[in-house]
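> here are the coordinates; sequence isn't available:
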C-alpha cells in the first residue's frame with residue numbers, strides 16, 4: 001500500500017514535470033503549495049543533495065578521463081643514438097577539448113566493436129598491440145586483414161602493426177595526397193598523439209556520428225639522443241580542423257548539390273523550412289530561429305509531428321526538459337518512430353547526426369516533413 005511519503009514523492013515528480021512543461025512554453029506562473037503531512041521530514045538517513053551528486057559525477061568523470069589518457073614519463077636511458085621519443089605535455093592532456101576528443105573516440109570504438117565483446121578504456125594500453133585497430137578497420141571497411149592473431153614477441157607485434165598500417169593507408173589515403181601522421185613503430189611505442197590522430201582519421205573517413213571540437217592542437221615534448229646528449233624540443237601537432245558534414249557516405253542528393261554549388265538557393269530552402277515549421281509551432285507559442293541547434297534535442301520534431309498529425313503527444317513519452325545526450329538521442333529516435341507511424345519513409349539522416357547538429361541532415365528531415373504536410 002502506498003505511504004504518504006510515496007504519494008508526496010510522486011506529487012513532487014509530477015509538479016516538476018508540469019513546471020518544466022510550462023517553462024518550455026514561456027509560462028512563468030508558479031503556485032505555492034500549503035505544507036502538508038507528506039512534506040514533513042522523515043527521520044531517516046540523510047539523502048545526498050544535488051550538489052553532492054554533481055560533485056560525485058564530476059569526480060567520476062575526471063577519474064574516467066584520467067584512466068583513458070595516462071602520461072608516461074619516458075626512460076631516456078633506453079634511447080639509442082639517433083632515436084627520438086615524444087610525450088604529450090600535461091597542459092595538453094588537461095585541455096578540455098583533448099579530453100572530449102579522447103572520450104568521444106573511446107565511446108565510438110566501444111560502440112563499433114560491441115559485437116566483438118571488445119571494450120577499450122585506455123588510449124595507450126588498449127591500442128598499441130594492434131588488435132583493436134585491426135578489428136575496427138575490418139568492421140568499418142568490411143575487409144579481412146591477414147595477420148597472426150597472437151604475437152608475444154615485440155618484433156612480432158611490430159610486424160603485425162606494419163601489415164595493419166599498410167591496410168590503413170590503402171583504405172584511408174587512396175587517391176589522396178595526404179600522408180599519414182603515424183607509423184607502426186610510433187603506435188607500438190604508445191605514442192598517444194599518433195594513436196589519437198589515427199583514430200580521428202578513421203572516424204572522419206567512415207563518417208562516425210561524432211562532432212569533434214574544431215581546430216584542436218596539442219603540445220608535445222620531443223626527446224632526441226645524439227651521442228651522449230639528449231636534446232628536448234617543444235612541438236605542436238594538429239588533432240582536428242573544422243569538421244564538415246557527418247552524414248554517411250552514399251548516393252548524393254539535392255542537398256549535397258545545394259551545399260556545394262547553390263548557396264543562394266540553399267538560403268531560400270532554409271527560409272521556406274523555417275516558415276513551414278513556425279506556421280505550426282506558433283500555435284503553441286514556439287518559434288524556430290536556428291535550424292542547426294533547435295532540433296538537436298528532438299523536442300521540436302516531436303511536437304511538430306503531433307501538430308501535423310493532429311494529436312497531442314503525452315509528456316511521458318519523451319523528455320521535454322533534456323538533461324543529457326542520451327535523452328536527446330531517445331527523443332530524436334521517438335520522432336523518427338512517429339514519422340514512420342505516419343506513413344513516411346525512414347529518414348535518411350542518422351539520429352546521431354541530428355543530435356550533433358549536422359545542418360544537412362536536419363534539413364533532409366524537415367524537407368521530408370514539408371513535402372508530406374505542405375498543404376496541411
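That came through fine. The structure displayed is predicted, hence computed values, not measured ones. Numbers count the residues shown, from 1 in each chain.
> residues near the closest residue to residue 124 other than its chain neighbours, how many?
Nearest residue to residue 124, sequence neighbours excluded (CB to CB, 6 or more residues apart in numbering): residue 190, at 4.2 Å. For glycine as for every other residue, the C-beta is placed from the backbone atoms N, C-alpha and C. The tally of other residues near residue 190 (other CB atoms under 10 Å) stands at 20.
> which SS state does residue 190 fall under?
Following DSSP: H, G, I helix; E, B strand; the rest coil, residue 190 is assigned to coil.
> wouldn't it be in contact with residue 128 here?
Yes - counting by CB atoms under 8 Å, residue 190 touches residue 128, with 4.8 Å between them.
> secondary structure class for the spatially closest residue to residue 231 that is not a sequence neighbour?
Distances taken as CB to CB, 6+ apart put residue 224 closest to residue 231, at 5.3 Å, once the chain neighbours are dropped. In three-state terms, and counting by three-state DSSP, residue 224 is strand.
> surely residue 224 meets residue 81?
No - contact between residue 224 and residue 81 fails when scored by CB under 8 Å: they sit 9.9 Å apart.
> of those two, give the one with the bigger neighbour count.
Between residue 224 and residue 81, residue 224 has the larger neighbour count (other CB under 10 Å), namely 16 against 9.
> tell me how many other residues crowd residue 84.
By other CB under 10 Å, the residues close to residue 84 number 14.
> so what does it look like in phi/psi?
With angles defined as degrees, to the nearest 10, residue 84 sits at phi -130, psi 160.
> which parts of the stretch 151-300 of the chain are helices?
Taking DSSP state H, counting those that start in this stretch as the criterion, the stretch 151-300 of the chain carries its helices at 154-172, 184-188, 192-205, 254-261, 263-281, 299-309.
> the last one - contacts with which helices or strands?
Based on contacts counted as 3 or more CB pairs under 8 Å, 6 or more residues apart in numbering; DSSP states H and E, the elements that helix 299-309 packs against are helix 263-281, helix 325-341, helix 359-373.
> repeat that for the first one.
Here helix 154-172 touches helix 131-141, helix 184-188, helix 192-205, going by 3+ CB pairs under 8 Å, 6+ apart.
> distance of the most centrally placed residue in the chain relative to residue 304?
Central residue of the chain (CA atoms, centre = their mean): residue 210, 4.1 Å from the mean position. Residue 210 is 26 Å from residue 304, where distance means CB to CB, to the nearest Å.
> low-confidence stretches in the stretch 101-250 of the chain?
For the stretch 101-250 of the chain, applying pLDDT under 70 flags the ranges 148-152, 173-180, 243-250.
> list the contacts of the residue nearest to residue 231.
79, 82-84, 230-233 (CB atoms under 8 Å, 6 or more residues apart in numbering).
> quick check: bridge partners of it?
When bridges are called by DSSP bridges, residue 224 pairs up with residue 84, residue 231.
> picking that back up, helix or strand: which one has the residue lying closest to the residue nearest to the centre of the chain once chain neighbours are set aside?
If the residues on either side of it in the chain are set aside, residue 210 comes closest to residue 104, at 5.0 Å by CB to CB, 6+ apart. Per DSSP states H and E, residue 104 falls inside helix 96-112.
> just the buried residues of that helix, please?
Judged by neighbour count using 16 or more other CB atoms under 10 Å, the buried positions of helix 96-112 are 97-99, 101-102, 104-106, 108-109, 112.
> what's the closest of those residues to residue 352?
Nearest to residue 352 among these, counting by CB to CB, is residue 108 at 9.9 Å.
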